[in-house]
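**Q** quick one, fold the following:
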Amino acid sequence: MNAIPQANSLSRPVRPIQPVWVRISHWLNALAAVLMATSGWRIYDASPIFAGFVIPKAITLGGWLGGALQWHFAAMWLLFFNGIFYLVMNIATGRIKRKFFPLSPRAILHDLGEALKGHLSHADPSKYNAVQKFAYLFAILDLIVLVLSGLAIWKSVQFPLLRDVMGGYDSARVVHFCAMSLLVAFVVVHVVMVALVPRSLLTMIRGR
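**A** Residues are numbered from 1 along each chain as shown. Down below sits the predicted model:
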């Protein structure tokens, strides 16, 4: 009697580390963040917050104030709707709990120390270390602050409570600029880490 063949594990479809919706929303968020930052720098130069500090025109987008505002508002809607989609999907699929928690200050400090010593393992790209978890959660919160402070600036009269929470119109501009600066810093660090661990880029492109 012939034995019943066992299912070959190699024939099973490989579950992607990063599903399609994560990859698409990730790259759309990256595009929106770059467009908003560079156009925002041009808007900032039109009315600087900090005396004597201007951003080189070569790295700004829009060419002039009106053009920068058009780019900024277009990217704003992309960031807003794509960000809502990303958050809803993370919560609905349970990914936010599975990927980013548990998390503790002790774990963050431990993994940060290991990373600085070059001992932090990246053998399993499906799991985030504590530093990655903290960084990604921080970026999500920073984007929320960025959107709310931008709304307080753009619709200051329509949303007086939001404007007051930000400390007034001028303070909202400072909050917005600082949130943008932190986001840019996150992107720079993120790009450096990707350069050190190229496999993470392939994971976000092909899913595994």
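**Q** can you report how many residues neighbour the closest residue to W21 other than its chain neighbours?
**A** Excluding the flanking residues, the one nearest W21 by Cβ to Cβ, 6 or more residues apart in numbering is M89, at 5.5 Å. In this view, the C-beta of every residue, glycine as well, is placed from N, C-alpha and C. M89 has 15 neighbours, counted by other Cβ atoms under 10 Å.
**Q** how about F159?
**A** A count of neighbours around F159, defined by other Cβ under 10 Å, yields 16.
**Q** again, but for the one 3 residues further on
**A** The local packing count at L162 equals 16, with neighbours defined by other Cβ under 10 Å.
**Q** what do you get for G113?
**A** With other Cβ under 10 Å as criterion, G113 counts 12.
**Q** same check on R199?
**A** When counting by other Cβ under 10 Å, one arrives at 12 neighbours for R199.
**Q** do you know how far it is from V184?
**A** 25 Å (Cβ to Cβ, to the nearest Å).
**Q** helices and strands of the chain: which one bottoms out on pLDDT?
**A** Ranked by mean pLDDT, DSSP states H and E, the weakest helix or strand in the chain is helix 199-206, scoring a mean of 80.
**Q** may I see the buried residues of that helix?
**A** Residues S200, T203, M204 are the ones in helix 199-206 that count as buried (16 or more other Cβ atoms under 10 Å).
**Q** which residues does the second one contact?
**A** Applying Cβ atoms under 8 Å, 6 or more residues apart in numbering, we find T203 in contact with I17, Q18, P125.
**Q** of the residues you listed, grab the buried ones for PyMOL.
**A** Only the buried entries of these go into this PyMOL selection, using 16+ other Cβ under 10 Å:
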select buried, resi 17+18
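**Q** would JSON lines of the buried residues of helix 199-206 with distance to F159 be doable?
**A** Formatted as JSON lines, the buried residues of helix 199-206 follow (distance: Cβ to Cβ, whole Å):
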{"residue": "S200", "distance to F159": "38"}
{"residue": "T203", "distance to F159": "39"}
{"residue": "M204", "distance to F159": "35"}
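**Q** nearest to T38 among these?
**A** Checking these against T38 by Cβ to Cβ gives M204 as the nearest, at 21.8 Å.
**Q** could I get the buried residue list for stretch 166-181?
**A** By neighbour count on 16+ other Cβ under 10 Å, the buried set for stretch 166-181 is M166, A172, R173, V175, H176, F177, A179, M180.
**Q** show me what the host helix or strand of I91 is packed up against.
**A** Assigned by DSSP states H and E, I91 falls within helix 65-92. Here helix 65-92 touches helix 20-46, helix 95-100, helix 130-154, going by 3 or more Cβ pairs under 8 Å, 6 or more residues apart in numbering; DSSP states H and E.
**Q** okay, the ones you listed in TSV with mean pLDDT next?
**A** Below are the helices and strands packed on helix 65-92 laid out as TSV (pLDDT from 0 to 100):
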stretch	mean pLDDT
helix 20-46	93
helix 95-100	89
helix 130-154	91
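**Q** not counting sequence-adjacent ones, nearest residue to the residue nearest in space to the middle of the chain?
**A** Residue closest to the average C-alpha location in the chain (Cα atoms, centre = their mean): A139, at 4.8 Å. In this structure, A139 finds its nearest non-sequential neighbour in F186, 5.1 Å apart by Cβ to Cβ, 6+ apart.
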